[in-house]
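S.K.: from the sequence below, what's the structure:
(chains A and B)
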Amino acid sequence: MTEHPLYIAVLDGDARGARAAVEEALNAGADPQDLLSSYMIPAMDEVGKRFDDGEYFVPELLIAARAMKSGLELLRPLLAETGAKPVGTVIVGTVRGDLHDIGKNLVASMLEGGGFKVIDLGVDVAPEKFTAAINEHHPDILAMSALLTTTMPGMKTTIDVLKQDGLRDSVKIMIGGAPVTRRYATEIGADAFSESASGAVREAKSLLKL
Amino acid sequence: MNARERFNAVMHYQPRDRSPIMDFGFWDETLVVWQEQGLPKGIDADRYFGMDPQWITAPVNVHLQPGFEWRVLEDRGDTQIVVDNEGVTKEQGKFLGSIPRHISHTLVDRSTWQNEFKWRLDGSAGPRLPQNWADYVARHSDTNRTYPLGVNAGSLYGWIRNWMGLEAVSMLVFDDRALFDEMVETVADCIVETLSRALASNIQFDYALMWEDMCYRAGPLLSPRVFGETLVPHYRRITGLLKQHGVDVVVIDCDGDITRLLPLWLEGGVNTMFPLEAGVWNADPVAYREKWGKDLLMIGGVGKRMLASSHDAITAEVERLAPLVEAGGYIPTPDHRVPPDVPLANYIHYLNEARRVWGRGLPNLELMQTEVQACTQDDVDKFSWHLG
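M.R.: As a prediction, this is how the structure comes out:
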């Protein structure tokens, strides 16, 4: 697996190489789902591991996610034809009052790289917008981000609104951002917390027992 | 001992009467919330809180010259879409409670770099020093100056990251490393050329201030390898020039967990870490000093989260930091602007404890404020700016 050109291209963040490797493999009759699950997702897992180990940094994450996307663009129509489903659906957004999106975007990219379907609600997302999206998309996970201590309470507010609307038990909730801690996640009743984009993928998979 | 003598003494491990009492400032909302808690309106916070003269820097422009024209594109009620002086289109709160969201950037590729940015970084052109520079020099070259005066020494990565956005500059490092290197070198050239003119004056600056904000909770936004290869040589050029002119305190303003970059900054001659954000990664100036020794100077390190907790916790932290303050090479300040969830009473308690423990007998802040409010401006200066 680790010597396959597609695996190497994603790991090295080589977008052109990833696309070429997918094309070549498909022309040779490879199964699209197998390319995704045997090479691309494992490569992104390794990217996350290297990030956690301090070997990769944000730029390496970003170019790996870009390489993943370039390969996925070719695979998506074929996967849809076969009825293949993503490993899960995640709604992501930065909570109300917070315009910060860098961390949220990074998490979204890494989740996509991990095989998740991501619905990005953007920044400054009101609790009502989160609940409307949950009603519309029926995600497995809601992932909320906040940069500031002053906007962080928006996570609790959103969870409270989900409870009021009877939606809390329909979705797992994951939170993250500069001031967020595991303790805070526990305090407000979130199911998981991650301190990094790569950790978010790991937590998401753990929540869904993947 | 005046504030300048005190600042230089502490940063050079020399005897002094007490530690400078300094801060990082406040979020706009904080002062509004504090007014509801008893803070008088219309005060100068630095003076009201009895800070030593702080963060005074000469008007030397090492940035884009001219900057892009600032204009509002759209009003969205609580936020507005603007183009800023760095050519960034962004959404920002009218009440600056959140970091703006970048929407698009003028600097996107080699062409926009050549046509829109590079010429704005010519250190030999444009009004880099103010028209009244001679007057400014005359006023500030007095060797009896009572306050520390700094000079802005720019930014080698943070500005470029602002101009392009994090994702684009991160991609650039891999897609066109030569262009990234050229950008850093051009910015460094501009800084060196401009500083050369400013430093040639008769002003003896006490410190230089750089800004990067290139770390977050998980560490640096750029790999230490690229940082070492591309940035460190230019830090050396800048700090070498500063040192030639007697400026041996070079402050870097960088939030986030700086641990991985700290030794590389020291290698580049940038020796003063600020604001030592405690953060959820629990950075600690005491631990930094133990690990990096006296070559490392520090300003900051008082956790803003801790300030929001309890008076007992604040007193304990002030006492814990006291031996490091006593040892020198360190000025404690809050690790960022004080947020609005810190009660005014907590902040006053922090300052009173700081004045008692680090300030060696400075008067209690409430007492001083009572006197200040009844005094003339000259008395304010006497009480809060020139104690000792």
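
S.K.: nearest spatial neighbour of the residue nearest the centre of chain B, chain-adjacent residues omitted?
M.R.: Nearest to the mean C-alpha position of chain B, by Cα atoms, centre = their mean, lies B:D253 at 4.6 Å. Sequence neighbours aside, B:W211 is the residue nearest to B:D253 in space, at 4.5 Å (criterion: Cβ to Cβ, 6 or more residues apart in numbering or on different chains). C-beta: built from backbone N, CA, C; applies to glycine.

S.K.: isn't that neighbour up against B:G158?
M.R.: Yes: the pair B:W211 / B:G158 is scored as a contact, 5.6 Å apart, by Cβ atoms under 8 Å.

S.K.: give the contact list for the residue nearest to B:D253.
M.R.: B:G154, B:S155, B:G158, B:I252, B:D253, B:C254 (Cβ atoms under 8 Å, 6 or more residues apart in numbering or on different chains).

S.K.: what subset of those residues is buried?
M.R.: Buried members of these, counted by 16 or more other Cβ atoms under 10 Å in any protein chain shown: B:G154, B:S155, B:G158, B:I252, B:D253, B:C254.

S.K.: and those, which is closest to A:G71?
M.R.: Closest approach between the buried ones among the contacts of B:W211 and A:G71, by Cβ to Cβ: B:G158, at 32.9 Å.

S.K.: in chain A, which spans are strands?
M.R.: A:88-94, A:116-120, A:141-145, A:172-176, A:192-193 (DSSP state E).

S.K.: ok, the lowest-mean-pLDDT helix or strand in chain A near chain B or not?
M.R.: Lowest mean confidence among the helices and strands of chain A (mean pLDDT, DSSP states H and E): helix A:102-113, at a mean of 89. Yes: Helix A:102-113 is in contact with chain B by Cβ under 8 Å from any Cβ of the partner chain, via A:I102, A:G103, A:N105.

S.K.: for the second one, list the residues it contacts.
M.R.: The one in question is A:G103. Contacts of A:G103 (Cβ under 8 Å, 6+ apart): A:S145, A:L147, A:G176, A:G177, A:A178, A:A197, B:Y216.

S.K.: swap the cut-off to 7 Å and go again
M.R.: A:S145, A:G176, A:G177 (Cβ atoms under 7 Å, 6 or more residues apart in numbering or on different chains).

S.K.: spatially nearest residue to the second one, not counting backbone neighbours?
M.R.: Going back to what we said before, that points to A:G176. A:S194 is the one closest to A:G176 (Cβ to Cβ, 6+ apart), at 4.8 Å.

S.K.: run a quick check on B:E74 versus B:I81, I expect a contact.
M.R.: Yes: in this structure, B:E74 is within contact of B:I81 by Cβ atoms under 7 Å, at 4.1 Å.

S.K.: element containing B:F7, please.
M.R.: helix B:3-11 (DSSP states H and E).

S.K.: was I right to think B:I203 contacts B:H140?
M.R.: Yes: look at B:I203 against B:H140 with Cβ under 7 Å: they come within range, at 5.1 Å.

S.K.: more neighbours, those two?
M.R.: Neighbours were tallied for B:I203 and for B:H140 using other Cβ atoms under 10 Å in any protein chain shown; the higher tally belongs to B:I203 (22 against 17).

S.K.: three-state assignment of the more buried one?
M.R.: Assigned with DSSP: H, G, I helix; E, B strand; the rest coil, B:I203 falls in the coil class.
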